[in-house]
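> compute the structure for the input listed below.
(chains A and B)
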Amino acid sequence: GESVGLHLPTLSVQEGDNSIINCAYSNSASDYFIWYKQESGKGPQFIIDIRSNMDKRQGQRVTVLLNKTVKHLSLQIAATQPGDSAVYFCAVSNSGYALNFGKGTSLLVTP
Amino acid sequence: EAQVTQNPRYLITVTGKKLTVTCSQNMNHEYMSWYRQDPGLGLRQIYYSMNVEVTDKGDVPEGYKVSRKEKRNFPLILESPSPNQTSLYFCASKGSLSTDTQYFGPGTRLTVL
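Numbers count the residues shown, from 1 in each chain, chains lettered A, B, ... in the order given. This is a model prediction of the structure:
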């Protein structure tokens, strides 16, 4: 089955800096990738997604990069704000089947 | 407002006492699923349903049952809860199997004593 892992369980950044959260996956047939944000006491919230036919996608202050060669994706958050403090999960699926989630990276934004 | 709702949000019960966690979505989604979230293990899928009367096991189905009699509802049933089912549970839905963006409910924190 699919194995999805995050490189760092915790990440601390200063307000205003850029954050990069990484994720690796094992199944080369995976074709859809999502980043979720989970704040304390809430369910995961969709941030941004990317399909395997792309290598970069940008949203508002967020960018997802996909490197299919090494089976790696990253989430970049520009000008990190205190409200960005949360746990971030990557999720991977193959042709729309069940999402496999990474274990999460806890992002702490310090003033 | 499009949303997934779960009830109850918090529940403390004892071993062996049957319980049901309800899940409802108002987006007319075909696909619904249940996850449990445990420290160090991330989100793991328990059961999913591709449409009314169509359900299937996820990665950790033991000790759980589900039903899908109506499109909007997908209850999770624990016939005889055990302490190892103490966890945070999330219901989620999406338009169809081929529609990938999944929306999550707010979670149900279950403690089994």
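> going forward, measure contacts and count neighbours with C-alpha atoms only.
OK.
> just for chain A, where's the confidence low?
A:1-2, A:6-7, A:95-98 (pLDDT under 70).
> what is the end-to-end distance of stretch A:45-56?
Using C-alpha to C-alpha, to the nearest Å, the end-to-end distance of stretch A:45-56 comes out at 20 Å.
> check whether that stretch contacts chain B.
Yes. Counting by C-alpha under 8 Å from any C-alpha of the partner chain, contacts between stretch A:45-56 and chain B involve A:45-46.
> tell me which residues in that stretch are buried?
A:45-51, A:56 (16 or more other C-alpha atoms under 10 Å in any protein chain shown).
> need those residues in CSV with secondary structure, can you?
Output for the buried residues of stretch A:45-56, formatted as CSV (DSSP: H, G, I helix; E, B strand; the rest coil):
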residue, secondary structure
A:45, strand
A:46, strand
A:47, strand
A:48, strand
A:49, strand
A:50, strand
A:51, strand
A:56, strand
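> which two in those are spaced the farthest apart?
Distance extremes for those: the farthest pair is A:45 and A:56 at 20.3 Å, using C-alpha to C-alpha.
> which residues does residue 93 bridge with?
Just so you know, I chose chain A. Residue A:93 has these beta-bridge partners by DSSP bridges: residue A:32.
> that's the other chain; I wanted chain B
residue B:32, residue B:103.
> hang on, isn't it packed against residue B:35?
No. Using C-alpha atoms under 8 Å, residue B:93 is not in contact with residue B:35, being 11.1 Å away.
> who's more crowded, the two?
Higher neighbour count among residue B:93 and residue B:35: residue B:93, with 31 against 24, using other C-alpha atoms under 10 Å in any protein chain shown.
> residues contacting the more buried one?
B:4, B:25, B:29-33, B:102-104 (C-alpha atoms under 8 Å, 6 or more residues apart in numbering or on different chains).
> please apply the same query to residue B:24.
B:4-6, B:72-74.
> what about the strands in chain B?
B:4-7, B:10-13, B:19-25, B:31-38, B:42-51, B:54-57, B:65-66, B:76-78, B:87-94, B:103-104, B:108-112 (DSSP state E).
> deepest of these, which one?
Mean neighbours per residue, mean count of other C-alpha atoms under 10 Å in any protein chain shown, is largest over these for strand B:87-94, with a mean of 25.
> quick one: average pLDDT of that one?
Averaged over strand B:87-94, pLDDT sits at 95.
> distance from the chain centre to it, please.
Relative to its parent chain, strand B:87-94 has a centroid offset of 5 Å by C-alpha atoms, centre = their mean, to the nearest Å.
> that strand to strand B:19-25, inter-axis angle?
Computed with axes from the mean of the first three to the mean of the last three C-alpha atoms, to 10 degrees, the direction of strand B:87-94 lies at 30 degrees from that of strand B:19-25.
> how far away is the residue sitting nearest the centre point of chain B from residue B:51?
Centre of chain B computed as the mean C-alpha position; nearest residue by C-alpha atoms, centre = their mean is residue B:34, 3.0 Å away. Taken as C-alpha to C-alpha, the spacing of residue B:34 relative to residue B:51 amounts to 14 Å.
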